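Student: Just need the structure, nothing else, for what follows:
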Amino acid sequence: MKAHCYSVYIIASKSRALYIGMTNDLSRRVYEHKNDLTEGFSKKYRCHRLVYYESFDDVSKAIDREKQLKRWSRTKKVWLIERRNPTWEDLAAERFTRHMF
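Tutor: You can find the predicted model right below:
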């Protein structure tokens, strides 16, 4: 039986506009954001940098976490990002470059 992996992620623009999403394929989804392949907020505000993500093996837990983060204030979201990624580096530059970029 294949193990499932779901990710909740935050993508940011250079001006630090934030987009929160959930996916079952983080590499593919980051690629789509970086290449503006999906219409909407992240394309409009040029959200191309993966600044935070969490992984889950249960889709329900991932959906609940995404909803929780979306309800948080911007201040709390920034705190979460900066706890693990204080300089807002593009985490995809290191982790996903070999796969799609």
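Student: now for the host helix or strand of residue 80, which elements pack on it?
Tutor: Assigned by DSSP states H and E, residue 80 belongs to helix 74-84. For helix 74-84, the packing partners by 3 or more Cβ pairs under 8 Å, 6 or more residues apart in numbering; DSSP states H and E come out as strand 6-12, strand 18-23, strand 49-56. (Each C-beta comes from the backbone N, C-alpha and C, glycine too.)
Student: now the angle from it to strand 49-56?
Tutor: If you take axes from the mean of the first three to the mean of the last three Cα atoms, to 10 degrees, helix 74-84 sits at 80 degrees to strand 49-56.
Student: start the count at 14, not 1, going forward
Tutor: Right, with 14 as the first residue, what we last looked at is helix 87-97.
Student: Can you give me the buried ones in helix 87-97?
Tutor: Residues 90-91, 93-94 are the ones in helix 87-97 that count as buried (16 or more other Cβ atoms under 10 Å).
Student: so where is this structure shaky, pLDDT-wise?
Tutor: Counting by pLDDT under 70, the chain shows low-confidence ranges at 14-16, 107-114.
Student: Go through it and flag its longest helix.
Tutor: Among the elements of the chain assigned as helix by DSSP state H, the one spanning the most residues is helix 72-84.
Student: buried ones in it?
Tutor: 75, 78-79, 82.
Student: And for stretch 29-38?
Tutor: Neighbour-count burial for stretch 29-38 [16+ other Cβ under 10 Å]: 31-36.
Student: Alright, I will stop here.
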